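In: build me a structure from this.
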Amino acid sequence: RRYRPALSVEGIIKWPTATNAKLGDPGYEYGLGLIASKDFVFVGADVSLHYTSVGDPEEQDHLELTVAGEVPLRHRVSLLMESVTTFETGQRGQTDTEGTVGFSWRANAYLKLEVGGTVSSDGTWKVSFAWEWNFAGED
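Out: Here you go, the predicted model:
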């Protein structure tokens, strides 16, 4: 077990919750994904592949490949890295990639705060702040 990754399968169904199309995407979406995670001595790595079938006839289905890693720097501080590439199926066949680098800090056993920056292949960028509450506590 020590040398094998953890494998997960993910299924997603999204249904419209608003009657006005300006408030959300019309139609249903169905998704299926596979996630592989492995903790090495100095880094945690995740690779995932997700396919999404979009219910809106004006949108394209897409396949998403994600590679992510977390490197502990101190007891409660980690460096986070992620690259996401989305391949549209259909006639347009557009490909988009974005990369994120950030830091996380475990304030206590339950609360984790994160900050990071993302750059997309179209030249746009954003700064993100996030918090995560783990009801079970830090493992």
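In: what's in contact with stretch 103-122?
Out: 70, 76-80, 95-102, 125-135, 137-138 (Cβ atoms under 8 Å, 6 or more residues apart in numbering). C-beta: built from backbone N, CA, C; applies to glycine.
In: emit the PyMOL select command for whichever of those residues are buried.
Out: To isolate the buried members of the contacts of stretch 103-122 in PyMOL, using 16 or more other Cβ atoms under 10 Å:
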select buried, resi 78+80+98+100+102
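In: what ranges does the chain have for its strands?
Out: For the chain, strands defined by DSSP state E occupy the ranges 6-14, 29-39, 44-54, 62-72, 77-88, 95-106, 111-120, 125-133.
In: would CSV of those strands with mean pLDDT and distance to Lys22 be doable?
Out: As requested, the strands of the chain are exported to CSV (pLDDT from 0 to 100; distance: least, Cβ to Cβ, whole Å):
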stretch, mean pLDDT, distance to Lys22
strand 6-14, 93, 17
strand 29-39, 94, 18
strand 44-54, 94, 18
strand 62-72, 95, 22
strand 77-88, 96, 23
strand 95-106, 96, 24
strand 111-120, 97, 25
strand 125-133, 96, 23
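In: next, format those as CSV and append distance to Leu23.
Out: Output for those, formatted as CSV (distance: least, Cβ to Cβ, whole Å):
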stretch, distance to Leu23
strand 6-14, 14
strand 29-39, 16
strand 44-54, 17
strand 62-72, 22
strand 77-88, 24
strand 95-106, 24
strand 111-120, 25
strand 125-133, 23
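In: so what's Tyr30 closest to, chain neighbours aside?
Out: Ser53 (4.6 Å; Cβ to Cβ, 6 or more residues apart in numbering).
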